[in-house]
Each structure stands twice: as C-alpha cells, then as structure tokens.
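S.K.: Just a sequence and a predicted model for now, questions to come.
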Amino acid sequence: MKDEYDYEFPSNIETPEEYAERLEKEERVRDAINSLPSEDLKAVVYMIMYGYSYSEIAKKLGISKTAVSKRWEKAKPILRELLKDYESQYR
C-alpha cells in the first residue's frame, strides 16, 4: 500500500533532480559555446540552438557553405574538449 504522500512523477515530467541536472547541462553547454572565437560563434549558435542548415547559415552570415562547414569543423573539437569531463559523468 502506498503512503498518501508517496507520489510517482509521470514519465514525461521532470523530477527536481532531473530539472537541476538539465539546467546545469544547459549552462555548461552555453558557456562552452560562448567561449568559441567570435567568427565561429554565430555559425555554431545557428546550427545547435536553431537547427539551421549549412545553406541557411551561409545565407544569414553572407558566407559560403564551405566556410560554415569549416567553422563547424573547427568548433567541434573545442566544444568536445570543453565538455569532455561533463560528458563522461552522464554517459
């Protein structure tokens, strides 16, 4: 028999612990992205935060798709390095 105060959250609702973890992760990712060189920052934000394609980003920034790709390829190892400790905690 369940105690009247023993409540289980539905699977689609975050527990307070899950909420705190999500906020911490978001802050860590935001800090890592913000540490990128300014020329890479906009391309990465458009890609990660808004889900834009290389073509959409190229058009917005007035650069080629190749330049967008190079900026992304340059940013990935930087982000990977900045987030490696955090990533290993939550795998």
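M.R.: Structure received.
S.K.: if I look at residue 44, how far off is residue 12?
M.R.: 30 Å (C-beta to C-beta, to the nearest Å). Heads up, the C-betas are built off the backbone N, CA and C, glycines and all.
S.K.: the helices in this protein, which residues?
M.R.: Assigned by DSSP state H, the chain shows helices spanning 16-34, 38-48, 54-61, 65-89.
S.K.: got CSV for the ones you listed, with mean pLDDT too?
M.R.: Shown next, in CSV, are the helices of the chain (pLDDT from 0 to 100):
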stretch, mean pLDDT
helix 16-34, 89
helix 38-48, 91
helix 54-61, 97
helix 65-89, 87
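S.K.: need these in TSV with mean neighbour count, can you?
M.R.: Formatted as TSV, those follow (neighbours: other C-beta atoms under 10 Å):
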stretch	mean neighbour count
helix 16-34	12
helix 38-48	17
helix 54-61	16
helix 65-89	14
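S.K.: so how far is residue 14 from the residue nearest to the spatial centre of the chain?
M.R.: In the chain, the centroid-proximal residue (C-alpha atoms, centre = their mean) is residue 29; its distance is 5.0 Å. Remark: distance between residue 29 and residue 14 (C-beta to C-beta) = 17 Å.
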